[in-house]
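J.: structure for this input, please:
(one chain, ligands or ions: 1)
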Amino acid sequence: MERELHLRKFENGESLKYPAFHAEAFCTERGTSYLKEPGVVMIAQSVPNLEGMRTFLKGFDDELGFSQYLDDPVKLDPSAQIVKLAGQNCYMSYGPKRSMNKDATGYIENIVSSGHGSVMEHPNFTLLFYGVDRSFTHELVRHRAGMGYSQESQRYVGGKVLRFVERPEFQDVPELHKQFEQRIDRVADEYKDLTTRLLTLQGEGLKIVSAEQATDKRKKVRQAARAALTNETEAIIVVTGNLRAWRHIFNMRVSEHSEVQIRKAIHKAYKCLKEVEPTGFGDFEEVQLNDGTVGLRTNYPKV
Ligand SMILES: Cc1cc2nc3c(=O)[nH]c(=O)nc-3n(C[C@H](O)[C@H](O)[C@H](O)COP(=O)(O)OP(=O)(O)OC[C@H]3O[C@@H](n4cnc5c(N)ncnc54)[C@H](O)[C@@H]3O)c2cc1C
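T.: Residues are numbered from 1 along each chain as shown. Prediction:
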C-alpha cells in the first residue's frame, strides 16, 4: 500500500509530518485474518520548545548576544533543531558566531562523521508496527539501548483480535500460500478449542487456571492457550527510539544479513523517519539486494 501522510498543523502556521505505510488485512475462506505486509505508523516525535530558552539565554552578559539564538530566520525540522541545540550547548555556542540554522545540514553531518553521537539521543520517534509477527518482535526487542517497547499481550488479547502474518517467502508460491492458509485455519481452531476446554476446566475448579477477577480468569486461560499459536501470529508493537538508536537498528536490520521480514518492516520505519528528519539519516544509502528487497548502507554505522 502507498505511503500516507498526516499533517499536524499549529496556530503559527507550522506543521509536522506523520508518515505511515498501511497494510491490508486478508481472510482465508474459513475467515481467519492475516496480513502480508508490515504496517508502520508514526505516532509521535519530539518537538522542541525554543521559546522556553529565552529567560535562560537572557541570564548571560548582553555582549555575548545569546538571546538572538532564538531569532534565527531559518526554521529547522524539530529533531534537527534538538540535535543542533544539544550540540551547540556543549560549547555554549549561542552567540552570533555559532553555526546558523541555514548550515544545519553540514553541522549535523559533522556530528555524524565525527561520531559525536550522544547529541543524537535527544529526539525520539514513536512508531506502531502491525502486520508483523512474533519472530519480528522477538528480534526487534533485542535492541535495548535507547529503545522502549509496548507489545500486544497474548495473555490479555485473543479471540477476534487474533491475526496472522504470511511470510514473504510463501506469498508467491501457490503451494506454500495454500499451506499457510490451511495452517492458520488449523492453528486458529486449535487455539479456540484449547480456550474452550480451559474455560470448562476453570469452571470445574481446576486450581492452576483459577482466579478471582474476570480479567485474571481470561488471562489464565489465554496464557495457556497461546501455546497453540505459532511464530506467524501477529504481534502489534509500539516502539520508541531516539535518533541514535534508530540509526543503529537501520544499520543492523536493513542489511543483507538480517531476516527478510524485519528488513522490510524496518526499511519502512526508515522511510518514515527519513521523511521527518532528512539530515540525521542523510548518510544512509539505499541499495538493491539480490533477493529483490532494499538494504541500507552508511559509512558511519556506529555514531
Ligand atoms: C543479522 C543478525 C543475526 C543475529 N543472530 C542472532 C542469533 O543467532 N542469536 C542471538 O541471540 N542473537 C542474534 N542477533 C541479535 C544480536 O546478537 C543483538 O542482540 C542485537 O542485534 C541487538 O543489538 P546490540 O547488541 O547492538 O544492542 P542494542 O541494544 O541495539 O545496543 C546498541 C549498542 O549499545 C551498546 N550496548 C548496548 N547494551 C550494552 C551492554 N549491555 N553492554 C555494553 N554495550 C552495550 C553496544 O555498542 C550496542 O551495539 C542477531 C542480530 C542480527 C542483526
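J.: bridged to the residue minimising distance to the centre of the chain, which residues?
T.: Note on the chain: the residue nearest the mean C-alpha position is Leu127, at 3.6 Å, using Cα atoms, centre = their mean. Beta-bridge pairing for Leu127 (DSSP bridges): Met42, Val239.
J.: buried stuff in the longest helix belonging to the chain?
T.: As assigned by DSSP state H, the longest helix anywhere in the chain is helix 174-203. By 16 or more other Cβ atoms under 10 Å, the buried positions in helix 174-203 come out as 180-181, 183-185, 187-188, 191, 194-195, 198-199, 201-202. C-betas here are computed from N, CA, C, even on glycine.
J.: C-terminal to it, what's the next element?
T.: helix 214-225 (DSSP states H and E).
J.: any idea how far the ligand is from the residue of the chain most remote from its centre?
T.: The outermost residue of the chain relative to its centre, with distances by Cα atoms, centre = their mean, is Glu63 at 44.7 Å. Computed with Cβ to the nearest ligand atom, to the nearest Å, the distance linking Glu63 and the ligand is 42 Å.
J.: picking up where we left off before, between the longest helix of the chain and helix 214-225, how many degrees?
T.: Calculated by axes from the mean of the first three to the mean of the last three Cα atoms, to 10 degrees, helix 174-203 forms an angle of 130 degrees with helix 214-225.
J.: could you give the mean pLDDT of helix 174-203?
T.: The average of the pLDDT scores along helix 174-203 is 96.
J.: per-residue confidence for Lys217?
T.: 87.
J.: same question for Gln68.
T.: 93.
J.: that one belongs to a helix?
T.: Yes. Membership of Gln68 in a helix is supported by DSSP: H, G, I helix; E, B strand; the rest coil.
J.: so what's it up against?
T.: Pro96 (Cβ atoms under 8 Å, 6 or more residues apart in numbering).
J.: how far away is it from Asp185?
T.: Distance, Gln68 to Asp185, by Cβ to Cβ, to the nearest Å: 67 Å.
J.: what of Asn49?
T.: Distance from Asn49 to Asp185, by Cβ to Cβ: 52 Å.
J.: what's the answer for Ser46, then?
T.: Counting by Cβ to Cβ - Ser46 and Asp185 are separated by 44 Å.
J.: and Leu76, by the same measure?
T.: 52 Å.
J.: what does Ala86 give?
T.: For Ala86 relative to Asp185 (Cβ to Cβ), the value is 52 Å.
J.: I'd like to know how many residues surround Lys220.
T.: Lys220 has 19 neighbours, counted by other Cβ atoms under 10 Å.
J.: now do the same contact list for it.
T.: With Cβ under 8 Å, 6+ apart, Lys220 has these contacts: Leu198, Gln202, Ile208, Val209, Ser210, Ala211.
J.: and the helices in the stretch 1-150 of the chain?
T.: Ranges of helices within the stretch 1-150 of the chain are 54-58, 78-90, 104-114, 134-140, based on DSSP state H, counting those that start in this stretch.
J.: could you look up the SS state of Arg263?
T.: Going by three-state DSSP: Arg263 is helix.
J.: so for it, what's the pLDDT?
T.: 97.
J.: number the chain from 51, please
T.: With 51 as the first residue, the last one maps to Arg313.
J.: residues near it, how many?
T.: 21.
J.: so how far is Cys322 from it?
T.: 15 Å.
J.: for stretch 193-207, output the C-alpha coordinates as CSV.
T.: Extracted as CSV, the C-alpha positions of stretch 193-207 are listed here (Å, rounded to 0.1, in the frame of the first residue of the first chain):
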residue,chain,number,x,y,z
HIS,A,193,17.8,-3.7,20.7
ARG,A,194,17.9,-2.3,24.2
ALA,A,195,19.9,0.9,24.3
GLY,A,196,17.7,4.0,23.7
MET,A,197,14.6,1.9,22.8
GLY,A,198,11.2,1.4,24.5
TYR,A,199,8.6,-1.3,23.6
SER,A,200,4.9,-2.0,24.4
GLN,A,201,3.7,-5.2,22.7
GLU,A,202,0.3,-6.7,22.4
SER,A,203,-0.1,-9.2,25.1
GLN,A,204,-1.1,-12.7,24.2
ARG,A,205,-2.2,-13.2,27.9
TYR,A,206,-4.9,-10.5,27.5
VAL,A,207,-5.7,-10.4,23.8
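J.: good, we can wrap up now.
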